[in-house]
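**Q** This is a predicted model, with the sequence first.
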Amino acid sequence: MHFTGLIIGVATFVIIGLFHPLVIKGEYYFGVKIWWVFALMGIVAIALSVAVSNVLWSTLLAVWGASSLWSIGELFEQRKRVEKGWFPKREKNK
């Protein structure tokens with residue numbers, strides 16, 4: 001039996017699931033100014049996915065990279081959600 005596809009599917013689900021709270025907490029604590037962290041993480045992961053010869057790891061790195069890049073847009077969308085009152089806004093200490 002070959003489990004590579006199942007592993008990729010489950011890992012993709014977990015990776016995408018991890019980015020949801022990362023975006024929410026990242027925007028809450030740092031605002032959208034951390035977009036470059038997601039960009040750098042995405043570029044590095046995609047570059048590594050091209051360099052790695054193992055199909056499983058190459059695929060998972062590509063999913064990580066794509067999720068990182070997708071999260072840049074989600075950071076800015078999260079800011080709009082906060083402005084609409086859908087998520088709490090962090091109060092700055094005075």
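**A** Structure's in. What do you need?
**Q** use CA for all of it now, contacts and neighbours both
**A** Noted.
**Q** Tell me how many other residues surround Ala47.
**A** 15 (other C-alpha atoms under 10 Å).
**Q** Same question for the one 3 residues further on.
**A** The number of residues packed near Val50 is 13, by other C-alpha under 10 Å.
**Q** so what's it closest to, chain neighbours aside?
**A** Excluding the flanking residues, the one nearest Val50 by C-alpha to C-alpha, 6 or more residues apart in numbering is Ser58, at 6.7 Å.
**Q** What are the buried residues along the strand or helix carrying that neighbour?
**A** Following DSSP states H and E, one finds Ser58 within helix 55-83. Going by neighbour count (16 or more other C-alpha atoms under 10 Å), the buried part of helix 55-83 is 58-72, 74-76, 78-79, 82.
**Q** Could you list the low-pLDDT ranges of the protein?
**A** Scanning the chain for pLDDT under 70 picks out the ranges 94.
**Q** and if we set it to 90?
**A** Filtered on pLDDT under 90, the chain yields the residue ranges 1-2, 83-94.
**Q** The nearest residue to Trp57 once chain neighbours are set aside: helix or strand, and which one exactly?
**A** In space, and not counting its chain neighbours, Trp57 is closest to Ser49: 7.2 Å by C-alpha to C-alpha, 6+ apart. With secondary structure defined by DSSP H and E, Ser49 is part of helix 35-51.
**Q** who's in contact with the residue nearest to Val50?
**A** 48-52 (C-alpha atoms under 8 Å, 6 or more residues apart in numbering).
**Q** now do 7 Å
**A** 49-50, 52 (C-alpha atoms under 7 Å, 6 or more residues apart in numbering).
**Q** any chance of the residues you listed in a markdown table, with distance to Glu91 too?
**A** Formatted as a markdown table, the contacts of Ser58 follow (distance: C-alpha to C-alpha, whole Å):
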| residue | distance to Glu91 |
| --- | --- |
| Ser49 | 39 |
| Val50 | 42 |
| Val52 | 44 |
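**Q** Good, wrapping up.
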